[in-house]
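J.: return a 3D structure for these sequence lines:
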Amino acid sequence: MAYIELKGTTLDLPIYDVQGRSLKKKVLRMGRRNTIAEDNDGVIFVRALDNVDVRFESGDRIGLIGQNGAGKSTLLRTMAGIYAPTQGTVVSSGKIVPLLDISLGMDENSTGMQNIRLRGLLLGMSDEEIRAKTQAIAEFSGLGDYLDLPIRTYSSGMRVRLAFAVSTAVDAEILLLDEVMGVGDAAFMHKAKDRLADLHSRAEIVVLAMHANSEIRRVCNKALWMERGRVRAFGEVEEVVSAYEAVVN
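T.: Modelled structure (predicted):
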């Protein structure tokens, strides 16, 4: 059974390009509640996550809420293994698929069909799985003969459609989503919404960050409120979202 658990998870991100005493002082003055500090070597760092303790289990649909800079995206990247915590642990069971940057791993000079394989491999698909799903991915993208052209010839909307088609073809036990992406015209948006719903239903655990509280209420059963890298509240979606809205509004 899938789960993901964070215990005392803290993440400090160094800022190596802050140079000069006056600039360092300015950056340090920007800090709030010690979220920006200086270590013994004089390196400025930002405390992006601060002692996070949460556990998600099979059946959980978690909506991450909080203002910009609260740590939502950082939390997703830490759960995905992109960032290693400075302190504490992240333990999980089940295949984690992060859909955080859906265009990551795509090559400008390769064709659409070649990029289906490249992106699929990056998402952890086997060669056999990619071959079995390539035709369905191509059809869903609606790009037709353009799939035989290098993606440098694509419009931005075409690139996103291809990336979305590949990314949502994965089979995940733990699915991490950072904002629902815009994917083109109204007809494709409708297909994309259905595709995401199917992806959610196939995963045991879904953790997503978005600013639309109405959508979080619709698709999630729990909410995690992040504030300055800390957990402000975690529980039933209506209770947590309502408390957040009362503070923000």
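J.: could you say which helix or strand holds residue 91?
T.: Residue 91 is part of strand 87-93 when elements are defined by DSSP states H and E.
J.: give me the buried positions along that strand.
T.: Neighbour counts using 16 or more other CB atoms under 10 Å place 88, 90, 92 of strand 87-93 among the buried residues. Glycine gets a C-beta too; all of them are placed from N, C-alpha and C.
J.: and of those residues, the nearest to residue 193?
T.: Taking CB to CB as the measure, residue 193 lies nearest residue 92 of the buried residues of strand 87-93, at 27.7 Å.
J.: show me what contacts that closest one?
T.: 2, 3, 4, 5, 79, 174 (CB atoms under 8 Å, 6 or more residues apart in numbering).
J.: same deal with residue 89?
T.: 5, 6, 7, 8, 9.
J.: what's the spacing between the third one and residue 109?
T.: Looking back up the chat, that one is residue 7. Distance, residue 7 to residue 109, using CB to CB, to the nearest Å: 44 Å.
J.: same check on residue 197?
T.: 34 Å.
J.: what's the answer for residue 117, then?
T.: Distance from residue 117 to residue 109, by CB to CB: 14 Å.
J.: more neighbours: which of those two?
T.: Taking other CB atoms under 10 Å, residue 117 and residue 109 do not tie; residue 117 has more neighbours (16 against 9).
J.: what sits closest to that one if chain neighbours are left out?
T.: residue 130 (5.4 Å; CB to CB, 6 or more residues apart in numbering).
J.: so who does residue 59 touch?
T.: Contacts of residue 59 (CB under 8 Å, 6+ apart): 204, 205, 221.
J.: rerun that using 6 Å as the cut-off
T.: By CB atoms under 6 Å, 6 or more residues apart in numbering, no residues touch residue 59.
J.: same question for the one 3 residues further on.
T.: Contacts here follow CB under 6 Å, 6+ apart; on that basis residue 62 touches 56, 207, 222, 224.
J.: pLDDT below threshold where in the chain?
T.: 16-42, 180-186 (pLDDT under 70).
J.: tell me how it divides into domains.
T.: As assigned by automatic domain parsing, the chain contains the domains 3-58+71-93+219-248, 99-203.
J.: mind checking the longest helix of the protein?
T.: helix 186-202 (DSSP state H).
J.: for the next helix or strand along the chain from that one, which strands pair with it and how are they oriented?
T.: Using DSSP H and E, the helix or strand that follows helix 186-202 in sequence is strand 205-209. Here strand 205-209 is paired, per DSSP bridges, with strand 61-65 (parallel), strand 174-178 (parallel).
J.: okay if I get the ones you listed as TSV plus distance to residue 121?
T.: Output for the strands paired with strand 205-209, formatted as TSV (distance: least, CB to CB, whole Å):
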stretch	distance to residue 121
strand 61-65	28
strand 174-178	18
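J.: quick check: which of the ones you listed is nearest to residue 83?
T.: So among these, strand 174-178 is nearest, using CB to CB, at 12.6 Å.
J.: got the angle for the strand holding residue 91 vs strand 205-209?
T.: 130 degrees (axes from the mean of the first three to the mean of the last three CA atoms, to 10 degrees).
J.: and the helices in the chain?
T.: 21-29, 72-79, 112-122, 127-141, 156-167, 186-202, 213-219, 237-248.
J.: which of these sits closest to residue 60?
T.: helix 237-248 (10.6 Å).
J.: excluding its backbone neighbours, what's nearest residue 134?
T.: Nearest non-adjacent residue to residue 134 (CB to CB, 6+ apart): residue 116, at 5.6 Å.
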